[in-house]
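Chemist: got a predicted model here, sequence first, then my questions.
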Amino acid sequence: MFQLVFMQFNLMSDTHLSQGEVSKIAISGGNNQYERYPLVGGGSVLVRSKVISIRKFLDFNHLSFKKITSIAVDEDESN
Amino acid sequence: MKVIKYLNSSSSGSAVAEFLIFTLPFFTAFLLLITSIQFKSMAMAESSNLARQVIRAFITSPNEQLAQQRAFQVVEIYKSKQSNSAQLARPITVEITCSDHPCFRAGNLVTATITIGRDQKSSATEYVDLWR
(Lines give C-alpha, C1' and ligand atoms only; values in the text may rest on other atoms or scores of the structure.)
Protein backbone atom coordinates (compact mmCIF):
# COMPACT_ATOMS: atom_id res chain seq x y z
CA MET A 1 0.00 0.00 0.00
CA PHE A 2 2.76 2.39 1.01
CA GLN A 3 4.68 1.36 -2.11
CA LEU A 4 1.73 2.33 -4.29
CA VAL A 5 1.34 5.75 -2.66
CA PHE A 6 5.09 6.32 -2.98
CA MET A 7 5.05 5.41 -6.69
CA GLN A 8 2.00 7.56 -7.41
CA PHE A 9 3.51 10.53 -5.60
CA ASN A 10 6.77 10.20 -7.53
CA LEU A 11 4.95 9.91 -10.83
CA MET A 12 2.97 13.08 -10.11
CA SER A 13 6.07 15.00 -9.02
CA ASP A 14 7.97 13.86 -12.14
CA THR A 15 5.07 14.95 -14.36
CA HIS A 16 4.89 18.40 -12.78
CA LEU A 17 8.67 18.90 -12.81
CA SER A 18 8.89 17.89 -16.47
CA GLN A 19 6.07 20.29 -17.36
CA GLY A 20 7.80 23.03 -15.38
CA GLU A 21 11.06 22.51 -17.27
CA VAL A 22 9.37 22.64 -20.69
CA SER A 23 7.44 25.79 -19.72
CA LYS A 24 10.66 27.40 -18.51
CA ILE A 25 12.39 26.55 -21.82
CA ALA A 26 9.44 28.11 -23.70
CA ILE A 27 9.79 31.33 -21.69
CA SER A 28 13.53 31.83 -21.32
CA GLY A 29 15.05 29.34 -23.75
CA GLY A 30 17.41 26.50 -23.10
CA ASN A 31 18.77 23.30 -24.49
CA ASN A 32 17.16 20.24 -23.10
CA GLN A 33 15.48 17.13 -24.45
CA TYR A 34 12.41 18.37 -26.29
CA GLU A 35 10.91 18.43 -29.77
CA ARG A 36 9.90 21.66 -31.48
CA TYR A 37 6.92 21.76 -33.83
CA PRO A 38 6.21 24.95 -35.81
CA LEU A 39 2.80 26.57 -35.35
CA VAL A 40 0.88 28.13 -38.22
CA GLY A 41 1.30 31.90 -38.09
CA GLY A 42 4.55 31.81 -36.11
CA GLY A 43 5.85 30.41 -32.86
CA SER A 44 6.20 26.77 -32.02
CA VAL A 45 5.07 24.03 -29.70
CA LEU A 46 7.61 22.36 -27.45
CA VAL A 47 6.90 18.77 -26.54
CA ARG A 48 8.78 16.45 -24.29
CA SER A 49 7.58 12.87 -24.31
CA LYS A 50 9.63 10.35 -22.41
CA VAL A 51 9.20 6.95 -20.87
CA ILE A 52 10.54 6.77 -17.34
CA SER A 53 10.90 4.01 -14.80
CA ILE A 54 8.98 4.88 -11.68
CA ARG A 55 11.01 5.06 -8.49
CA LYS A 56 10.00 2.59 -5.84
CA PHE A 57 10.30 2.38 -2.09
CA LEU A 58 10.98 -1.35 -2.27
CA ASP A 59 12.26 -2.77 -5.53
CA PHE A 60 12.03 -6.44 -6.38
CA ASN A 61 13.99 -6.06 -9.64
CA HIS A 62 10.85 -5.42 -11.58
CA LEU A 63 10.76 -2.02 -13.26
CA SER A 64 7.52 -0.14 -13.88
CA PHE A 65 7.45 2.27 -16.79
CA LYS A 66 5.25 5.27 -17.44
CA LYS A 67 5.09 7.77 -20.28
CA ILE A 68 5.16 11.45 -19.39
CA THR A 69 4.18 14.08 -21.97
CA SER A 70 4.78 17.79 -21.38
CA ILE A 71 3.74 20.53 -23.78
CA ALA A 72 4.27 24.30 -23.93
CA VAL A 73 3.64 27.01 -26.51
CA ASP A 74 6.63 29.19 -27.39
CA GLU A 75 5.25 32.25 -29.16
CA ASP A 76 8.68 33.83 -29.60
CA GLU A 77 11.30 31.48 -31.01
CA SER A 78 14.08 34.04 -30.85
CA ASN A 79 14.65 33.58 -27.10
CA MET B 1 -27.98 -21.00 28.15
CA LYS B 2 -26.51 -23.39 25.66
CA VAL B 3 -25.61 -20.49 23.40
CA ILE B 4 -23.82 -18.63 26.19
CA LYS B 5 -21.93 -21.77 27.11
CA TYR B 6 -20.97 -22.23 23.49
CA LEU B 7 -19.76 -18.64 23.22
CA ASN B 8 -17.82 -18.86 26.47
CA SER B 9 -16.15 -22.07 25.42
CA SER B 10 -12.66 -21.61 24.10
CA SER B 11 -12.04 -21.76 20.38
CA SER B 12 -8.68 -21.91 18.76
CA GLY B 13 -9.37 -19.70 15.66
CA SER B 14 -6.73 -18.22 13.44
CA ALA B 15 -5.36 -14.74 14.01
CA VAL B 16 -4.11 -14.47 10.43
CA ALA B 17 -7.48 -15.43 8.94
CA GLU B 18 -9.38 -13.06 11.23
CA PHE B 19 -6.98 -10.22 10.47
CA LEU B 20 -7.43 -10.75 6.75
CA ILE B 21 -11.22 -11.01 6.97
CA PHE B 22 -11.52 -7.76 8.91
CA THR B 23 -8.83 -5.71 7.13
CA LEU B 24 -9.15 -6.84 3.52
CA PRO B 25 -12.36 -4.86 2.82
CA PHE B 26 -10.77 -1.74 4.35
CA PHE B 27 -7.52 -2.10 2.41
CA THR B 28 -9.36 -2.79 -0.85
CA ALA B 29 -11.49 0.32 -0.42
CA PHE B 30 -8.41 2.37 0.48
CA LEU B 31 -6.54 1.04 -2.55
CA LEU B 32 -9.38 2.01 -4.88
CA LEU B 33 -9.62 5.44 -3.23
CA ILE B 34 -5.95 6.39 -3.58
CA THR B 35 -5.80 5.05 -7.14
CA SER B 36 -8.84 7.06 -8.19
CA ILE B 37 -7.44 10.19 -6.49
CA GLN B 38 -4.18 9.74 -8.42
CA PHE B 39 -5.96 9.25 -11.75
CA LYS B 40 -8.16 12.28 -11.12
CA SER B 41 -5.30 14.57 -10.11
CA MET B 42 -3.22 13.50 -13.13
CA ALA B 43 -6.17 14.12 -15.46
CA MET B 44 -6.74 17.53 -13.88
CA ALA B 45 -3.10 18.53 -14.31
CA GLU B 46 -3.14 17.30 -17.92
CA SER B 47 -6.35 19.07 -18.93
CA SER B 48 -5.63 22.37 -17.16
CA ASN B 49 -2.16 22.59 -18.71
CA LEU B 50 -3.48 21.72 -22.14
CA ALA B 51 -6.18 24.41 -21.80
CA ARG B 52 -3.51 26.98 -20.87
CA GLN B 53 -1.38 26.09 -23.88
CA VAL B 54 -4.36 26.11 -26.26
CA ILE B 55 -5.48 29.57 -25.15
CA ARG B 56 -1.88 30.79 -25.36
CA ALA B 57 -1.64 29.62 -28.98
CA PHE B 58 -5.02 31.21 -29.73
CA ILE B 59 -4.36 34.70 -28.37
CA THR B 60 -0.85 34.95 -29.81
CA SER B 61 -2.12 34.33 -33.33
CA PRO B 62 -1.19 37.05 -35.87
CA ASN B 63 -4.78 37.14 -37.18
CA GLU B 64 -8.27 35.73 -36.59
CA GLN B 65 -8.13 33.24 -39.46
CA LEU B 66 -5.20 31.37 -37.94
CA ALA B 67 -6.27 31.57 -34.28
CA GLN B 68 -8.58 28.53 -34.30
CA GLN B 69 -6.13 26.53 -36.40
CA ARG B 70 -3.31 27.23 -33.95
CA ALA B 71 -5.45 26.16 -30.99
CA PHE B 72 -6.44 22.89 -32.64
CA GLN B 73 -2.89 22.31 -33.83
CA VAL B 74 -1.65 22.29 -30.22
CA VAL B 75 -4.19 19.61 -29.32
CA GLU B 76 -3.33 17.55 -32.40
CA ILE B 77 0.37 17.64 -31.56
CA TYR B 78 -0.43 16.54 -28.00
CA LYS B 79 -2.67 13.73 -29.29
CA SER B 80 0.05 12.52 -31.65
CA LYS B 81 2.21 11.77 -28.62
CA GLN B 82 -0.43 9.58 -27.00
CA SER B 83 -0.81 5.87 -27.63
CA ASN B 84 -3.77 4.63 -29.71
CA SER B 85 -5.40 3.06 -26.69
CA ALA B 86 -5.11 6.31 -24.70
CA GLN B 87 -6.65 8.27 -27.58
CA LEU B 88 -9.60 5.89 -27.73
CA ALA B 89 -10.09 5.67 -23.98
CA ARG B 90 -9.79 9.40 -23.31
CA PRO B 91 -10.71 11.48 -26.36
CA ILE B 92 -9.78 15.17 -26.15
CA THR B 93 -12.17 17.88 -27.33
CA VAL B 94 -11.63 21.65 -27.46
CA GLU B 95 -14.20 24.41 -27.20
CA ILE B 96 -13.32 28.09 -27.53
CA THR B 97 -15.76 30.74 -26.34
CA CYS B 98 -15.46 34.52 -26.45
CA SER B 99 -17.06 37.18 -24.28
CA ASP B 100 -17.77 39.29 -27.35
CA HIS B 101 -17.80 38.95 -31.13
CA PRO B 102 -15.75 39.23 -33.27
CA CYS B 103 -13.72 36.94 -31.09
CA PHE B 104 -10.22 38.02 -32.04
CA ARG B 105 -10.39 41.66 -30.93
CA ALA B 106 -8.00 43.53 -28.64
CA GLY B 107 -9.08 43.25 -25.00
CA ASN B 108 -11.60 40.48 -25.65
CA LEU B 109 -11.89 37.70 -23.07
CA VAL B 110 -11.38 34.23 -24.59
CA THR B 111 -11.91 30.92 -22.79
CA ALA B 112 -10.64 27.52 -23.93
CA THR B 113 -12.36 24.48 -22.45
CA ILE B 114 -10.67 21.10 -22.73
CA THR B 115 -12.67 17.95 -22.14
CA ILE B 116 -10.75 14.72 -21.65
CA GLY B 117 -12.78 11.55 -21.55
CA ARG B 118 -16.29 11.77 -20.21
CA ASP B 119 -16.00 13.91 -17.12
CA GLN B 120 -12.65 15.71 -16.95
CA LYS B 121 -13.11 19.33 -17.96
CA SER B 122 -10.76 22.31 -17.51
CA SER B 123 -10.83 25.90 -18.69
CA ALA B 124 -8.27 28.65 -19.16
CA THR B 125 -9.10 32.28 -19.84
CA GLU B 126 -6.96 35.07 -21.28
CA TYR B 127 -7.38 38.47 -22.87
CA VAL B 128 -6.46 39.13 -26.48
CA ASP B 129 -3.47 41.49 -26.38
CA LEU B 130 -4.57 45.14 -25.99
CA TRP B 131 -1.59 46.39 -27.98
CA ARG B 132 -2.31 44.18 -30.95
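Modeler: Yep, it's here.
Chemist: which bits of chain B sit near chain A?
Modeler: Proximity of chain B to chain A (CB under 8 Å from any CB of the partner chain) is limited to residues B:27, B:30-31, B:34-35, B:38, B:41-42, B:45, B:49-50, B:53, B:56-57, B:60-63, B:66, B:69-70, B:73-74, B:77-78, B:81-83. Glycine gets a C-beta too; all of them are placed from N, C-alpha and C.
Chemist: now, the residues you listed that are in helices?
Modeler: B:27, B:30-31, B:34-35, B:38, B:41-42, B:45, B:49-50, B:53, B:56-57, B:66, B:69-70, B:73-74, B:77-78 (DSSP state H).
Chemist: PyMOL command for the buried members of the residues you listed?
Modeler: The command below creates a PyMOL selection of those among those that count as buried (16 or more other CB atoms under 10 Å in any protein chain shown):
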select buried, chain B and resi 38+42+49+50+53+56+57+66+70+73+74+77+78
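Chemist: show me the strands in chain A, by range?
Modeler: Listed in chain order, the strands of chain A (DSSP state E) span residues A:35-38, A:44-53, A:65-74.
Chemist: show me the contacts for the one residue sitting closest to the centre of chain B.
Modeler: To find the centre residue of chain B, average its C-alpha atoms and take the closest one (CA atoms, centre = their mean): that gives B:A43, at 2.6 Å. For B:A43, the set of contacting residues under the criterion of CB atoms under 8 Å, 6 or more residues apart in numbering or on different chains consists of B:R90, B:I116, B:G117, B:Q120.
Chemist: if we can go back for a sec, can you list the strands of chain A in JSON lines and add distance to B:R105?
Modeler: Formatted as JSON lines, the strands of chain A follow (distance: least, CB to CB, whole Å):
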{"stretch": "strand A:35-38", "distance to B:R105": "26"}
{"stretch": "strand A:44-53", "distance to B:R105": "25"}
{"stretch": "strand A:65-74", "distance to B:R105": "21"}
